[in-house]
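*Asks:* Output the structure for:
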Amino acid sequence: MTIHLTVSAADRVKRFLAGRETGLGLRLGIRRSGCSGYAYVAGVAEAISESDRICVSRGVKVVVDAESLPMLDGTEVDVVREGLNEGFVFRNPNVRHECGCGESFGV
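*Replies:* The predicted structure is shown next:
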C-alpha cells in the first residue's frame, strides 16, 4: 500500500495529533456518497484492527481499512488553504470521474 502525504499534510497531521491525548495516526477511508459513488473520509486512527493496512509517510502512520485500500492505493494527500478554509486534497490515480460539485468520485 502506498499513500503519500505532502510535507504540509504531514506537518498538519503531526500538529493535530500532538494536541491530543490519544491518536495513533491518520485514518483514511471512503464511504458511499453523492452522485458519483464515493467520498473520502479522514480522521484520527484511535485503534488499529487486524484488517487495517498501515503505511508511514513522512513520519505519519496512515491507517486504511482493507475495503477502502484498492480505491486509495497510490493517493497523494495534501493540505490546501483557500481563503479562511483549510482542508485535505486527494490526488488519487484510481479516480475515473468526479461529480460536478467535487463532493464525490467514481473508480
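
*Asks:* for this structure, what are the low-confidence residue spans?
*Replies:* 34, 36, 99-103 (pLDDT under 70).

*Asks:* what about the helices in it?
*Replies:* Secondary structure of the chain (DSSP state H): helices at 7-18, 69-72.

*Asks:* Out of the ones you listed, which is the most enclosed?
*Replies:* helix 69-72 (a mean of 18; mean count of other C-beta atoms under 10 Å). In short, each C-beta sits where N, CA and C put it, glycine included.

*Asks:* what about that helix, distance to the chain center?
*Replies:* Centre-to-centre, helix 69-72 and its host chain are 11 Å apart (C-alpha atoms, centre = their mean, to the nearest Å).

*Asks:* re the thing from before, format the helices of the chain as TSV; extra columns: distance to Phe88.
*Replies:* Below are the helices of the chain laid out as TSV (distance: least, C-beta to C-beta, whole Å):
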stretch	distance to Phe88
helix 7-18	7
helix 69-72	12
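
*Asks:* do you know which of these lies nearest Arg81?
*Replies:* Evaluated with C-beta to C-beta, the helices of the chain place helix 7-18 nearest to Arg81, the distance being 9.1 Å.
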